[in-house]
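> Predicted coordinates and the sequence they were generated for:
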Amino acid sequence: MAIQGLEIKFEGYDTILNECVNQKAIREGQRVHSHMIKTHYHPPVYLRTRLVVFYTKCECLGDARKVFDKMPNRNVVSWTAMISACSQRGYASEALNLFRQMLRSGTEPNAFTFASVLTSCKGALQVEYGMQIHSLIVKSMFESHIYVGSSLLDMYAKSGKIHEARGVFEGLPERDVVSCTAIISGYAQMGLDEEALELFRRLQREGMTCNYVTYASVLTALSGLAAVDHGKQVHNHVLRSELPFYVVLQNSLIDMYSKCGNLSYSRRIFDNMSERTVMSWNAMLVGYSKHGKGREVVELFKHLRDQNRVKPDTVTFLAVLSGCSHGGMEDRGLEFFDEMVSGKDGVEPEIEHYSCVVDILGRSGKVEEAFEFIKQMPFEPTAAMWGSLLGACRVHLNVDIGELVAERLIEMEPENSGNYVLLSNLFASMGRWEDVRNVRELMNEKAVIKEPGRSWIELNQTLHTFHASDRTHPRKEEVFAKVKELLEKIKQAAYTPDLSCVLHDVDEEQKEKILLGHSEKLALVFGLIDTPPGKPVQVMKNLRICVDCHNFAKFVSKVYGREVSLRDKNRFHHIIGGICSCGDYW
DNA sequence: GTAGGGTTAG
């Protein structure tokens, strides 16, 4: 592509630039552009557009913008190329500004424009504008366009409006792998894992094609559900289909197996990878962290530092710090944090890392230090931090700081009933029963359980879900009878219900009944009924496990000689012979 | 000429 010294006209420039776009030949394209300037050639709109496209494709957004700004007339392609480049690089407000200017200039958007601009309308605030764009789309008859439709449904899904997303999806005249994947991952990203799985299975029956993005999305849902039987099926599909971007899928598989309780499978995949990204390391570190394997976290992080291909990032340090906290490696955790502050790996601590340090200090009994740490840190404390510290006060029986902390926490979140339970637990563990009763008074009437508790267990490829005091499960009678039988046995082994976990204004007998109806107990008991004696049982819960249920599970493991695994919102509890891997701190 | 979906976190 020698152009120097040649007399070039439109066709010549056009051909060469097109070639440069295809080959991403940045230098060559820049020389073509310079040649135009040097020879005082004034390119027509078409060629200027070609330049804009060239620069955006070569990720030279600034140069693209310069050409774009100098254009006397702009067409839909140049506008769209700019909007799309901004959207793809995460400059959402710039993309929206350009779109507004485009409308003002009188240029009609086409399907390409709508599909691009919607990418910049994700989130609770932007979706308002996205909905206005939606009505423009309806007016211009692009609603059924497959690219526009999938971008539209993705916008709704990522803004928390999953019903609207589903509506757009159902209204599409045809479906393809992208629109199907977008709606499945929409459910998965909102934590609606059962819905995601159900839809995936339905669409599969209806002949949907899957690619690596589809499987990655479904694996996210299966991780959430800890549905290991389904996960293994997907793993088989992946192995058979020789999909591209296998690293992404291996990362998802590492995550899925570890969240299903099978760490050794995760490690096997990790060890056999021919190429690893930072996400591969992070997924493995998170796995160890959630299982309370502190030593393994520290060891793997050392490997990561020793190899020079992948650099740790902010998520790596979250995994490492929370791994040290969950795994009883508090001192190492504090050292890692100090190393972050000193700039050792070039990752600056953010508020989440500070939150991990609060956890670490609290767990190791340094409650005062944690309190000071929160007061001095360069961020506003979050409710989660105060909550973690209040938990520490309960375990380490520090009622002075506990009351101070609870005051702030309840001020921040007066409606979160979980906070009152924590405070009630604290007073109860100090034997201050009058105060336990006062907490009930303190709890204002608006306090609600944010998210209803739900527990489930996977047996023979079937998920059995239980809610508190479940009256809907087909085998509820059998489950309730077994709960009573169990209760007698473990009471003989000195189990006493922890009534401070119930804040309802009822008598003690009622409180005990409410406790026995907690979903994790029902799921656990169901697992005992439906599996042979001696076999390990694994139960999942969508929230943090309650103090009484944790204790209940410990007694069950001891009295019935069962290994019990409980996966709650934050971590795994592996209970053997009445002893839990969390060391009774979570 | 310009376009849509994905993996790790707490």
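Everything's here; your move.
> surely A:Y215 meets A:L239?
No: applying C-beta atoms under 8 Å as the test, A:Y215 and A:L239 come out as separate, 10.9 Å apart. Every residue, glycine included, has its C-beta placed from N, CA and C.
> wait, what's in contact with the spatially most central residue of chain A?
Residue closest to the mean C-alpha point of chain A, counted by C-alpha atoms, centre = their mean, is A:Q189 at 6.7 Å. Counting by C-beta atoms under 8 Å, 6 or more residues apart in numbering, A:Q189 touches A:A157, A:K158, A:T220.
> and what of A:D359?
A:S322, A:S325, A:S388.
> Can you say which helix or strand has it in it?
helix A:351-363 (DSSP states H and E).
> Just the buried residues of that helix, please?
A:E352, A:H353, A:Y354, A:S355, A:C356, A:V357, A:V358, A:D359, A:I360, A:L361, A:G362, A:R363 (16 or more other C-beta atoms under 10 Å).
> Break chain A into its domains for me.
Annotated domains of chain A cover A:187-270, A:454-580 [the TED database].
> Quick check: which of the ones you listed is buried the most?
domain A:187-270 (a mean of 19; mean count of other C-beta atoms under 10 Å).
> now chain A, which segments are flagged as low pLDDT?
Chain A contains residues with pLDDT under 70 at A:1-8, A:448, A:450.
> circling back: Serialize the buried residues of helix A:351-363 to TSV and add fields for distance to DNA strand B.
Formatted as TSV, the buried residues of helix A:351-363 follow (distance: C-beta to the nearest atom of the strand, whole Å):
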residue	distance to DNA strand B
A:E352	4
A:H353	9
A:Y354	11
A:S355	6
A:C356	7
A:V357	11
A:V358	10
A:D359	7
A:I360	12
A:L361	14
A:G362	12
A:R363	13
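> ok, which of the contacts of A:Q189 also contact DNA strand B?
A:K158, A:T220 (C-beta under 7 Å from any atom of the strand).
> helices or strands up against the helix or strand harbouring A:S84?
Following DSSP H and E, one finds A:S84 within helix A:76-88. Packed against helix A:76-88 by the contact rule (3 or more C-beta pairs under 8 Å, 6 or more residues apart in numbering; DSSP states H and E) you find helix A:45-57, helix A:61-70, helix A:92-105, helix A:111-118.
> out of these, nearest to A:H235?
helix A:111-118 (32.7 Å; C-beta to C-beta).
> Need the contact partners of the closest one.
A:76-77, A:79-80, A:83-84, A:87-88, A:95-96, A:99, A:102, A:109, A:130, A:133, A:136-137, A:140, A:142, A:145, A:147-148, A:150-152, A:154-155.
> likewise stretch A:331-342?
Contacts for stretch A:331-342 (C-beta under 8 Å, 6+ apart): A:294, A:298, A:301, A:317, A:320-321, A:324-325, A:345, A:347-349, A:353, A:356-357, A:360-361, A:364.
> What subset of the residues you listed is buried?
Buried among these by 16+ other C-beta under 10 Å: A:294, A:298, A:301, A:317, A:320-321, A:324-325, A:345, A:347, A:349, A:353, A:356-357, A:360-361, A:364.
> can you map out the helices along the stretch 201-350 of chain A?
Applying DSSP state H, counting those that start in this stretch to the stretch 201-350 of chain A gives helices spanning A:212-225, A:228-241, A:246-259, A:263-272, A:278-290, A:294-306, A:314-326, A:330-342.
> Around A:H145, how many other residues sit close by?
20 (other C-beta atoms under 10 Å).
> Sorry, slip of the keys, the one I care about is A:A124.
10.
> residues near the nearest residue to it once chain neighbours are set aside, how many?
With C-beta to C-beta, 6 or more residues apart in numbering as the criterion, A:A124 has its nearest non-adjacent residue at 6.1 Å, and that residue is A:S159. Other residues lying near A:S159 total 21 when counted by other C-beta under 10 Å.
> Spit out the contact partners of A:S159.
So A:S159 contacts A:C121, A:K122, A:G123, A:A124, A:Q126, A:V127, A:G130 (C-beta under 8 Å, 6+ apart).
> Please apply the same query to A:K259.
A:S223, A:G224, A:A226, A:G287, A:K290, A:R567 are the contacts of A:K259 under C-beta under 8 Å, 6+ apart.
> Return the member of those residues nearest to A:A428.
Distances from A:A428 to these, taken by C-beta to C-beta, are shortest for A:R567, at 26.1 Å.
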